[in-house]
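**Student:** Sequence first, predicted model second:
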Amino acid sequence: MMIRLLFFAHLGEQVGERQVTWPHVPDTVGKLKEEVEARYGLPLDRVMTAVNEEYARDDAPLQPGDTVAFIPPVSGG
Amino acid sequence: MTESLFAITSEPISVEDVMKKVMRPEAGAVAVFAGTVREWTNGKRTLFLQYEAYVSMAEKMLAQIGAEIAEQWPGAKTAITHRIGRLEIGDIAVVIAVSSPHRAEAYEANRYAIERIKQIVPIWKKEQWEDGSAWIGDQLETKAYPSGKPEVNE
């Protein structure tokens, strides 16, 4: 019962890893964000979230095996 | 160069290769946009850039932009390649090609594509200056997503 977390750009540098296995499955994206904020001391209020490569809102449910990516405001182009 | 219409690459981009992907007999116009690495921004000198992407999702989002264009401008065909890794001043970071039967649609859709890239495609650039570096998009605080996601279906 675990999920995979991906951290990009400055988040990856602050966490120190780009990929982390999270040992349990919070009910929602919002709950996971709170746990990740507490664990790493990262403010995630301006960070988007994608579940299995689709943007997801904070009330989106999580399932075992999901990949959750934390996506800071993008700057491509 | 990949055959895919929507690609992230760590190699230099050939404008002609991207353009060729959308050329076809039905088209009377191809609008091509190239985004390049700028040396000076508001008086600050950039030495080089580092681009990072969530590659698999970025390619899906580029394809979504192509689908949005096909819906909004019927008959338009889009190809987009974005480069990642270290880019020097003047290097091409992104090429967008849109073909359409007439020129107006190609110009409009091409402009739409670059604006959407800056909204929804998970790519980030890190500026390296003479006196430091920073990931762009977060420190500038020009964007906020109170709902936790961008509006992807405008």
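**Tutor:** That came through fine.
**Student:** how many other residues sit next to the residue of chain B found nearest chain A?
**Tutor:** Closest contact between chain B and chain A, by CB to the nearest CB, is at residue B:123 (3.0 Å). Every C-beta, even on glycine, is put in place using the N, C-alpha and C of the backbone. Neighbourhood size, residue B:123 [other CB atoms under 10 Å in any protein chain shown]: 28.
**Student:** excluding its backbone neighbours, what's nearest residue B:123?
**Tutor:** Spatial nearest neighbour of residue B:123, excluding adjacent residues (CB to CB, 6 or more residues apart in numbering or on different chains): residue A:76 at 3.0 Å.
**Student:** give me every residue that touches the one you found.
**Tutor:** B:51, B:53, B:58, B:82, B:93-94, B:117-118, B:121-125 (CB atoms under 8 Å, 6 or more residues apart in numbering or on different chains).
**Student:** Kindly report the same for residue B:34.
**Tutor:** B:15, B:92, B:94-95 are the contacts of residue B:34 under CB under 8 Å, 6+ apart.
**Student:** Between all of those, which two are separated the most?
**Tutor:** B:15 and B:94 (10.7 Å; CB to CB).
**Student:** More neighbours: the two, which one.
**Tutor:** The neighbour comparison of residue B:15 against residue B:94 (other CB under 10 Å) goes to residue B:94, with 24 against 14.
**Student:** Would you mind giving me the confidence score for the residue nearest to residue B:123?
**Tutor:** Note on residue A:76: pLDDT of 95.
**Student:** hang on, it in a helix?
**Tutor:** No. Assignment of residue A:76 by DSSP: H, G, I helix; E, B strand; the rest coil gives coil, placing it outside any helix.
**Student:** Just give me the neighbour total for residue B:10.
**Tutor:** Other residues close to residue B:10 by other CB under 10 Å number 11.
**Student:** Nearest residue to it in space, please, no chain neighbours.
**Tutor:** residue B:85 (4.5 Å).
**Student:** try residue B:66
**Tutor:** Nearest non-adjacent residue to residue B:66, counting by CB to CB, 6+ apart: residue B:78, 4.1 Å away.
**Student:** Tell me how far the one you found lies from residue A:30.
**Tutor:** Distance, residue B:78 to residue A:30, by CB to CB, to the nearest Å: 34 Å.
**Student:** Who has more neighbours out of the two?
**Tutor:** residue B:78 (27 against 16).
**Student:** Checking my notes, the more buried one in a helix, right?
**Tutor:** No. Residue B:78 is assigned strand when assessed by three-state DSSP, not a helix.
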